[in-house]
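S.K.: coords below, sequence missing:
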RNA sequence: CGGGGUGUAGCGCAGUCCGGUUAGCGCACCUGGUUUGGGACCAGGGGGUCGGGAGUUCGAAUCUCUCCACCCCGACCA
C-alpha cells in the first residue's frame, strides 16, 4: 500500500482525491474550482491528445482555433443552448484596471465597462457557427470538418480534480454538412472514434449509446455517448457526439446553394472529449498502491532502478543498463534509468508504483553476476527474474500484455457489475447493494425517467446501440418498451 | 444559497476551552557521515505577518467583533 493513500474500500472518493495529488498529476490552484495540471499529469494528457489528433486527421478533420470570448448576444440565438449553459457562465464586463483611489490596491475601472459583455466560452458552437456563416455559400464549400483544442469554462458549484473543474481542457469538433444523412454519419463516426480510443488506448471498455431527451446536449437533436464504469460502480460519461440538425444553421442563418440550385440550411455536428478522460483513466484501473497506467498512455513505460553499494557496482550496472535503454528507445519505448542517489531503491519502487509506471526493472550486483534483471509489472504487482539476453523483446511483449490485461480486467469487472432487472423493486435493490450498470425496460417518457431519478438518483446513461433489442415492459409503468436501457448512478 | 467544519513553517498537525517562558511536533529541505535487493539512520542546521482588520488587556495563536478564504454534506451539473 502506498504510504498514506486511503484504501478504495474505505472511501473511494477520498482515495481518488489523494491519488491525483500523490501521483503528482494535478493540484488545486489559487483559483476556486480551477486546477493546475502538473507535468506528469499533463504528459498523459499530451499522449491522449496526440493519439486523438491522429485519429481525427485520419477521419478527415483539420484543426483550427476560435476565440475564448463570445459576445453575449450570440447566446440569445439558440434558445435551448442558452438554457443549458446560462447558469454556469463566466462573464467579462470590463477591460481595464486602475489603482484604487483609496489606496487599497487595484480595482476595476468603472469607466471601462464593455458595451456588450463577453462570455468566456463554455463551448464554441455559437462563435463557430457565426464564423461558418461566412465560410459557406455553396455545396462546394461543404463539408467543413474542423476541430479545436481549447480550454472552456463552466462555473460549476462543486468541483473535483479532472472530473469536474471550472476550467478544463478539451477538444471540440464542429462539422457542417449538406445533408442530414452525412451529418448523422459524421456523428456516428466520431462516437466510434471515441469508443476505439477509450478501449484501445485508455483500456477502458465503454458502451456506445444514445442519450435520452433529458440528458441530451443543449441544442442537439441527438446525443451519442460513450459510458464507462468506474470501480465504485458509478458511470462516467467519457465522450459525446451530437447531431445538431439545422438548429445552429437556422440560429446563425447559415445557408448554402445546392447542386440543384435550391437553398437550404446546413446540417451540423459537434463532438468532444475533455480532461475528464484523465479521471476515467485513473478511476478505472488504479489500486490501493497508486495509479495503474495503460502502457500506451504512460509517460514512462519502463523505469530502471539500479541497486548498488559502491561506485564500481554502479558503473558496471550503468554499462549494462545503457545498452538496454538504447535498445528500448530505438523501439519507441519511453524508459527512465533512475540512478539518482538521493533515494533508496525501496523508495523508488514505491514511487513508480504510485505513479503507475507499467514495467520496472531492477539491476543489482546479483544480476550483474548472473546476467539477469528483475522485472516487476505494475498491473499484477508480480516480479520475475529474467535473463538480460533478449530483455528488450521480453519487455516489448510485456507492455502489450499489460495493455491487454488491464483492459480485460476492466471488461470483466463491468460484466460482473452489469445486471439485468425485471422489476422496479429489483432495480432499487441492485442499485443499493451492488451498483454498476442496470439494464431495464423503460417506457421512453421523460416523466418515468425523472421519477426514477428523483427516487433513486440513478439516471439513464444511454440507450445502447449494440446488444439485446428485445422489447418488453417498463419496470415502472408497465407500458411497452422497445429495448432495455442502461441505468446507473453517474459522476 | 442552506447546514457543518477548517485556517499556526513547503505539507500534515498539536497548542486555543482556562490569555503569561524564546509558538512546538512529524514529514520535507540544507550540511556532514554511515547506508542502498521494498518507502534508511545518526549528528547538526535553516525556515513562522499563528488567514486579514479592529478591539479588550500590563500581556493575545488563545477572549470579543468583523471581514476573507478554503473544505465537506445538500441544492446545482449535456
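M.R.: Perfect, I can see it now. Model, not experiment: these values are computed from the prediction.

S.K.: where do the helices sit along chain A?
M.R.: A:12-22, A:39-58, A:79-85, A:125-135, A:180-197, A:247-251, A:276-285, A:311-330, A:345-354, A:365-370, A:391-416, A:424-433, A:446-456 (DSSP state H).

S.K.: quick one: is the last one near RNA strand B?
M.R.: So that's helix A:446-456. No. Contact of helix A:446-456 with RNA strand B (CB under 7 Å from any atom of the strand) is absent, the minimum separation being 9.2 Å. Every C-beta, even on glycine, is put in place using the N, C-alpha and C of the backbone.

S.K.: buried stuff in that helix?
M.R.: Residues of helix A:446-456 classed as buried: A:448, A:449, A:452, A:453, A:456 (neighbour count, 16 or more other CB atoms under 10 Å).

S.K.: Rank the helices and strands of chain A by mean pLDDT and give me the bottom one.
M.R.: strand A:106-108 (a mean of 78; mean pLDDT, DSSP states H and E).

S.K.: Distance from it to the middle of the chain?
M.R.: Centroid separation between strand A:106-108 and its chain, computed with CA atoms, centre = their mean, to the nearest Å, is 38 Å.

S.K.: again, but for stretch A:17-35
M.R.: Remark: stretch A:17-35 is offset 16 Å from the chain centroid, using CA atoms, centre = their mean.

S.K.: Now do the end-to-end distance for it.
M.R.: End-to-end distance for stretch A:17-35, by CA to CA, to the nearest Å: 12 Å.

S.K.: Below-threshold pLDDT in the stretch 151-300 of chain A: ranges please.
M.R.: Nowhere does the stretch 151-300 of chain A drop to pLDDT under 70.

S.K.: Contact distance from RNA strand B - what residues of it qualify?
M.R.: Taking CB under 7 Å from any atom of the strand as the contact definition, the stretch 151-300 of chain A meets RNA strand B at A:154, A:156-160, A:164, A:211, A:215-218, A:223, A:237, A:240, A:272, A:289.

S.K.: quick one on the thing from earlier: can you say which of the helices of chain A is packed in most?
M.R.: For the helices of chain A, the largest average neighbour count (mean count of other CB atoms under 10 Å) is found in helix A:276-285, namely a mean of 25.

S.K.: now that one and helix A:39-58, what's the angle there?
M.R.: 110 degrees (axes from the mean of the first three to the mean of the last three CA atoms, to 10 degrees).

S.K.: Show me what helix A:276-285 packs onto, helices and strands only.
M.R.: If you count contacts as 3 or more CB pairs under 8 Å, 6 or more residues apart in numbering; DSSP states H and E, helix A:276-285 packs onto helix A:12-22, helix A:39-58, strand A:222-229, strand A:235-245, helix A:391-416.

S.K.: run the last query once more with 7 Å
M.R.: Under the contact definition 3 or more CB pairs under 7 Å, 6 or more residues apart in numbering; DSSP states H and E, helix A:276-285 sits against helix A:12-22, helix A:39-58, strand A:235-245, helix A:391-416.

S.K.: average pLDDT across the second one?
M.R.: Taken as a whole, helix A:39-58 carries a mean pLDDT of 96.

S.K.: So what's the gap between that helix and the chain middle?
M.R.: Centroid separation between helix A:39-58 and its chain, computed with CA atoms, centre = their mean, is 11 Å.

S.K.: What of the first one?
M.R.: Between the centre of helix A:12-22 and the centre of its chain there are 17 Å (CA atoms, centre = their mean).
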